[in-house]
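# Quick one, fold the following:
(one chain, ligands or ions: 1)
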Amino acid sequence: MADTLFSRIIRREIQADIVFEDETCLAFRDINPQAPVHILIIPKTPLTRLTDAGEQDAGLLGKLLLAANRIATEQGIADAFRIVVNNGAGAGQSVFHLHLHLLGGRSFTWPPG
Ligand code: DGP
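All right, here's what the predicted structure looks like:
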């Protein structure tokens, strides 16, 4: 996988407002927030996008979701939040290192835009 700016955030070469870290994942505030709480949750191991994940990544994907749960609680948005994964440029993915958007602190409409 090509190096991305998220890899540079993991290596602390780029500053980010980190809210959670464990051996598997890192979470930090989005630089261009779309909600009062907008946090990106990324695996530390490189995966370009969700469709590149396979059976061997099942545990990793579960850990990302559980990290989202934990962060939502810590951020006070556990009652209402949205998780978004943009998979591919056509879906709006701009950084090709898998990431969950955790959004909360406002109401959301459906369908999403
Ligand atoms: P996506 O479009 O799904 O690939 O989301 C990428 C997100 O990454 C986008 O919401 C903006 C955010 N982002 C881009 N560059 C940086 C950065 O340098 N720092 C932080 N914290 N977020 C960034």
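
# got the contact list for the closest residue to residue 93 other than its chain neighbours?
Distances taken as C-beta to C-beta, 6 or more residues apart in numbering put residue 86 closest to residue 93, at 4.1 Å, once the chain neighbours are dropped. Using the backbone N, CA and C atoms, a C-beta is placed for each residue, glycine as well. Residue 86 makes contact with 92-94, 101, according to C-beta atoms under 8 Å, 6 or more residues apart in numbering.

# out of those, which is most surrounded?
For the contacts of residue 86, the largest neighbour count, defined by other C-beta atoms under 10 Å, is 19 neighbours, found at residue 101.

# isn't it right next to residue 85, touching?
Yes. Proximity of residue 101 to residue 85 meets the contact threshold set by C-beta atoms under 8 Å, at 7.3 Å.

# May I see the contacts of residue 86 organised as JSON lines, with distance to residue 53 added?
Formatted as JSON lines, those follow (distance: C-beta to C-beta, whole Å):
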{"residue": "92", "distance to residue 53": "18"}
{"residue": "93", "distance to residue 53": "14"}
{"residue": "94", "distance to residue 53": "19"}
{"residue": "101", "distance to residue 53": "17"}
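
# can you tell me which of the residues you listed are up against the ligand?
Applying C-beta under 6 Å from any ligand atom to the contacts of residue 86, one finds that 92-94 fall near the ligand.

# Which of those residues sits closest to residue 29?
residue 94 (16.5 Å; C-beta to C-beta).
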